[in-house]
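Visitor: prediction below, plus the sequence it came from.
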Amino acid sequence: MVFPGPLGAALLYPLLGFVPGAALLRVLPLGQGRLAQTALALALAPLVTTLTAWALMTAGLDLVTAARTIVVFAAGLWIAGLLRGPAAGGEGDDARTWPAWLLAAAGAGVIALVFFSNPFIQIRSDGWIHGGIVAEIMARGIPPEDPRFAGLPLNYVWFFNFFVALQSSLRGDDPFHVMALFNAANLAATLLVSWVIGRALWGPGAAMGTALLTGLGFNAGSWMLWPLHLVRGLVGEDRGWEGIAGAVHRLQLDDARVIWTISAPYGWMANFLDKFLVGTALNYAYLMLSVYLGAMALWFGRGRRAALVLAALAATGMLLFHGVVGISAIPVAIGALALAALLHRRLPELPGPARLAAFAAATFAGAAAAAPYTWAIARGWSAEASGLRHDYFTLDPRTIWTIAVAIAAAAVLARGPLLEGLRARRGDVTLLACFTLGMAVFASIVTLTLGNHVKFVYQVFLPLALIGGAAWTPAWRRLRGRWGWGGALFVFALVFGVGPFLTIRGYLLDPGGETAHALQLPPAERTLYRWIRTETPADAVFVDAEMRDYVMVLARRQLWLGTRLGPELAAFPAGPLRERRAVMADLYGHQRDLAGDRQALAALGRPVYVLFREADFADARAPWAALAAHPAFERVYDSGGFVVYHMNPPRRSTDPEPDR
């Protein structure tokens, strides 16, 4: 490899993370001007790549061949388009777009700096399990099973992992490096798309403000509310100085937990940059929502037919990459269209039924394209399958408070442009306003397990930021006229700069890597995972005490059970979950029912390996001794304090008798 590591991965990233989107734009003139085409190419490339690969792999190609085929054909199509000259349908960019490129590069650079300066952030939180799902796809293709629960279809969106697997497969790059690059590219695309939407809504002068408000306005100034935590000292369980000292003790500034410190006190944690500093699909689904809202503004503002194609693509992308965004934003959008239809009866200047129906049809078409995939994932969450019982409709004061704080700055700036657009009977502003209203109501009354409905808060903020961007520059000029450059900079930094600065600082300083076992593996354990990956079948299933997930990520093998959490994590079936826990308790305990354990493990119909780590048994007990004496288990690895047994499946009644 000429350029190994992150640099090489970065040089290869555009092959699937940009070129397929650029090729699509050569066929369909969806963007006007170089800036818009670049923004859409970055935004749409992961969607185009995964949809094409899905079709190719369904036709029988393997992951690597599919990825390389897409590179060849997309690059050829793009280059052929470039040789033909400028894409059709494009207004030229004005001369003031250089700040957009600079802003996008700065955003991507910050994300890359954090990920590659502090490698722990690459595997932190959800990033680790997503790395395991990528490993599952790279080893066994699609649709993936849940690598934490062998034999169970993954009841979670996996197109993000699919894209990372495709990109990683080009030369075997570390998936965590690719996830970092994906997030950096998505922040750049988010800022560019916001710039383009702001320019389309309000003209070139509002473009920079729209991009800055999108990137800096979410939860702006919320850090200044931290003293409200001290109220616990007056009304909490620990009162007086003890309560105040407890609040101060919980103050976190030097690690990634800073995002809780600077969020609204007594609210949910909500942070814009955090969505780009963890390995998940959420930031891409938010990017698709930006594209969708941009299409809404373009269709109802200028009537461009390309907007309908963008709306359909964005709806598909939201559902494929993160269903929480799709199943919330799409119904709210349909509701906004219905509300606009009602308003049209009194205000004929607003978009009529035909235009509203056309946009609704495009949205439904996009949703329909993802429907089989969405249904396959959603059915695992049924109460009958998972045992989960949850009330999805509850007025949540905590969410309402979180929304109020998170959108405050954007709402203040949006007030003027919003009133101006409504007075002028502008269809684009009216539809964005209807979406904001609907999303606020939706977010306030719909609750999800594990507090996941906090994701809706950004979806309330985003359309407000697109409207309020027009007021950014006038607000800056008013402050500068009143308090001068220094005073204006101080106010803007206080409201919009401190939160992002503290977030980036906390992630850069996070010391988690000093104790993270995955980053501190001893040589003997590294050798174990290398042996597993090279010497065991790709469909092998491993049992590991303490329900660890290192084998899943580092050796790319499925686990019998790889989590202590219950069905709420990923819709694991409650009954089999209890049974697997019982099997593991017996295997690593007193081994009173090895025959039953063997039957349960053999039911998968796959090669099964049981891993023992001597360090797990400080009392010098060697539970693998019982397996050594059992004819169904064969020791296949014993080195560096690690012992692995391969289980021979029990003979079926239809199997021939062995020779005597």
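Guide: Good, I have the coordinates. Numbering: from 1, shown residues only.

Visitor: centre-most residue in the protein?
Guide: A281 (2.0 Å; CA atoms, centre = their mean).

Visitor: find the nearest non-adjacent residue to that residue, please.
Guide: Closest residue in space to A281, ignoring its immediate chain neighbours: F160 at 3.3 Å, by CB to CB, 6 or more residues apart in numbering. (C-beta placed from N, C-alpha, C; glycine too.)

Visitor: helix/strand/coil for the one you found?
Guide: helix (DSSP: H, G, I helix; E, B strand; the rest coil).

Visitor: contacts only, for it.
Guide: 46, 130, 182, 280-281, 284, 321-322 (CB atoms under 8 Å, 6 or more residues apart in numbering).

Visitor: if you set the cut-off to 7 Å instead, what comes out?
Guide: Neighbour list for F160: 281, 284, 321 [criterion: CB atoms under 7 Å, 6 or more residues apart in numbering].

Visitor: I'd like those as TSV, with secondary structure, distance to L627 and pLDDT appended.
Guide: Shown next, in TSV, are the contacts of F160 (DSSP: H, G, I helix; E, B strand; the rest coil; distance: CB to CB, whole Å; pLDDT from 0 to 100):
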residue	secondary structure	distance to L627	pLDDT
A281	coil	40	95
Y284	helix	45	98
F321	helix	43	97
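
Visitor: quick check: next helix or strand after the helix or strand containing L419?
Guide: In this structure, L419 sits in helix 408-423 according to DSSP states H and E. The C-terminal neighbour of helix 408-423 among helices and strands, as given by DSSP H and E, is helix 427-445.

Visitor: now that following helix and helix 408-423, what's the angle there?
Guide: Interaxial angle of helix 427-445 relative to helix 408-423 (axes from the mean of the first three to the mean of the last three CA atoms, to 10 degrees): 140 degrees.

Visitor: using CSV, write out every CA atom in the next helix or strand after helix 427-445.
Guide: Counting by DSSP H and E, the next helix or strand C-terminal to helix 427-445 is helix 455-468. In CSV, the C-alpha atoms belonging to helix 455-468 read as follows (Å, rounded to 0.1, in the frame of the first residue of the first chain):
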residue,chain,number,x,y,z
LYS,A,455,-33.3,12.8,18.2
PHE,A,456,-36.4,14.7,17.2
VAL,A,457,-35.2,17.9,18.8
TYR,A,458,-32.7,18.6,16.0
GLN,A,459,-35.5,18.0,13.5
VAL,A,460,-37.4,20.9,15.1
PHE,A,461,-34.3,23.1,15.0
LEU,A,462,-33.2,22.5,11.4
PRO,A,463,-36.0,24.2,9.4
LEU,A,464,-35.8,27.1,11.8
ALA,A,465,-32.1,27.5,11.1
LEU,A,466,-32.8,27.5,7.4
ILE,A,467,-35.4,30.3,7.9
GLY,A,468,-33.4,32.2,10.5
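
Visitor: and the residue nearest to A281, what pLDDT?
Guide: If you check F160, the pLDDT there is 97.

Visitor: would you mind measuring from A582 to S194?
Guide: Distance of A582 to S194, given as CB to CB, to the nearest Å: 52 Å.

Visitor: out of those two, which sits in the more crowded spot?
Guide: Using other CB atoms under 10 Å as the criterion, A582 and S194 rank with S194 on top: 30 against 15.

Visitor: isn't that one up against T214?
Guide: Yes - look at S194 against T214 with CB atoms under 7 Å: they come within range, at 4.0 Å.

Visitor: all strands for the protein, in order.
Guide: Applying DSSP state E to the chain gives strands spanning 541-544, 558-559, 608-613, 633-639, 642-647.

Visitor: surely L528 and F642 touch.
Guide: Yes - judged on CB under 7 Å, L528 makes contact with F642 at a distance of 4.8 Å.

Visitor: when those two are compared, which one has more neighbours?
Guide: Between L528 and F642, L528 has the larger neighbour count (other CB under 10 Å), namely 25 against 19.

Visitor: what sits against that one?
Guide: 640, 642.

Visitor: go again using 10 Å as the cut-off
Guide: By CB atoms under 10 Å, 6 or more residues apart in numbering, the contact set of L528 is 521-522, 550-551, 554-555, 611, 613, 637, 639-644.

Visitor: what subset of those residues is buried?
Guide: 550-551, 554-555, 611, 613, 637, 642-644 (16 or more other CB atoms under 10 Å).

Visitor: re earlier: who touches both of S194 and T214?
Guide: With CB under 10 Å, 6+ apart, S194 and T214 have common neighbours 290, 462, 465-466, 469.

Visitor: related to what we said a few turns ago, looking at the contacts of L528, spot the one nearest G562.
Guide: Comparing these against G562 with CB to CB places V551 closest, at 8.0 Å.

Visitor: quick one: the closest one from V178, how far?
Guide: V551 sits at a distance of 21 Å from V178 (criterion: CB to CB).

Visitor: and the gap between M552 and A207?
Guide: M552 is 45 Å from A207, by CB to CB.

Visitor: so between the two, which is more surrounded?
Guide: A207 (30 against 26).
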